[in-house]
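Asker: no FASTA, just this:
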């Protein structure tokens with residue numbers, strides 16, 4: 001079973017809209033929680049909503065998540081025109097992964113990559 005990160009959100013409506021642009025188009029929304037589904041990934045977000053307490057506060061949390069995919073180049077090409085915050089180049093890393101990253105509206109670092117085939 002894959003691990004599913006629970007990330008902080010100051011505003012779940014804004015978070016839902018941001019990730020919908022990335023293809024997380026199947027979403028379940030609760031007063032203080034969001035589940036966002038992509039063809040390859042599932043992310044959860046916790047935040048305050050109405051009278052609900054803030055479960056994870058972006059102001060005091062330092063969060064990051066890693067999305068492992070079959071082909072990071074495809075996602076990089078797809079997401080590059082979206083003008084995502086801190087969107088990086090894609091590159092082969094010495095630890096055997098091809099990766100890029102961006103941040104979401106709450107400052108969560110999202111790294112995306114695939115395993116490089118041995119030479």
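Answerer: Looks like it arrived, so ask away. In this text the structure is predicted, and so the values were computed from the model without any measurement.

Asker: In contact with residue 45, which residues?
Answerer: By CB atoms under 8 Å, 6 or more residues apart in numbering, residue 45 lies in contact with 6-9, 12, 15, 33-36. In this view, the C-beta of every residue, glycine as well, is placed from N, C-alpha and C.

Asker: and after the one helix or strand it maps to, which helix or strand comes next?
Answerer: Under the criterion of DSSP states H and E, residue 45 resides in strand 42-46. Using DSSP H and E, the helix or strand that follows strand 42-46 in sequence is strand 64-68.

Asker: Quick one: the strands in the protein, in order.
Answerer: Ranges of strands in the chain, per DSSP state E, are 6-8, 26-30, 33-37, 42-46, 64-68, 91-92, 97-103, 109-115.

Asker: right, and residue 92 touches residue 100 too?
Answerer: No - with contact defined as CB atoms under 8 Å, residue 92 and residue 100 do not form a contacting pair (11.1 Å).

Asker: more crowded one of the two?
Answerer: Per other CB atoms under 10 Å, whichever of residue 92 and residue 100 has more neighbours is residue 100, with 20 against 11.
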